[in-house]
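Student: Sequence below, structure please.
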Amino acid sequence: MPPWLAWAREIQSLCQTGLAFAGTRYETERYQRLTEIAAEIVAQHTRCSQATLARNFLAQPGYATAKIDVRGALVRDGRILLVQERMDERWCMPGGWADVGEIPSEMVAREVLEESGFEVTPRKVIGVFDANRGGKPLAFFHAYKIVFLCDITGGQPQAGDETMDVGFFGFDALPPLSQARTHARHLAEVQAHLQDPNRPAAFD
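Tutor: Numbering: from 1, shown residues only. Presented below is the predicted three-dimensional model:
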């Protein structure tokens, strides 16, 4: 991660938490100005609008913490299920951002059904990964990714509102990956768990 991104992320997260607990107008104004500076830093190194960045940063409420992304690994006859995202037309394991109020296993089962048409039962956690490190594309907001190995219990291939297509692929014949969602490291860990059912969950 380049230093400028690490600095901007830390400034933004400190300001977000500071705004949640600010007790005076003076504190609020100072944290808002520091948030604008974080936006300036990012805008200088990207094509993003400074004004849009500042609005997005200030829209994050409460104590700053990592977001959670869940993904379901479904393997049939040695081939893994991937869905084609409408956003970038690339492929990934089905899943998405965690919703408040749902437990992780229910969340991944719902996401898999919505994006692929398959009903599943989560069987084990493959790993908990830092979604912003390890060769993955840069992203401003910090996120963790939980990958579950799931058993197919019903349903049939069907794209959803956020997906264009659904298919099973050999691990050695993968389509172009949406790497912010599914990285080669995640798929390698899925393969390792298939080869060794007693393998413990990976984690960063």
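Student: Identify the bridge partners of the residue nearest to the spatial centre of the chain.
Tutor: With distances taken as Cα atoms, centre = their mean, Asp69 lies nearest the centre of the chain, 3.9 Å away. On the basis of DSSP bridges, Asp69 is bridged to Trp97, Lys145.
Student: Surely it and Asn132 touch.
Tutor: No: assessed by Cβ atoms under 8 Å, Asp69 is found out of contact with Asn132, at 10.7 Å. Placement of C-beta: from N, CA and C, glycine included.
Student: just to revisit the earlier point, enumerate every residue touching the residue nearest to the centre of the chain.
Tutor: 95-98, 131, 143-146, 181 (Cβ atoms under 8 Å, 6 or more residues apart in numbering).
Student: Can you name every helix or strand that the least confident helix or strand in the chain by mean pLDDT contacts?
Tutor: Each helix and strand of the chain was given a mean pLDDT (mean pLDDT, DSSP states H and E); the minimum falls on helix 50-58 at a mean of 87. Secondary structure elements in contact with helix 50-58, counted by 3 or more Cβ pairs under 8 Å, 6 or more residues apart in numbering; DSSP states H and E, are helix 3-21, helix 25-45.
Student: Pro157: which of the ones you listed is closest?
Tutor: Among these, the nearest to Pro157 by Cβ to Cβ is helix 3-21 (38.0 Å).
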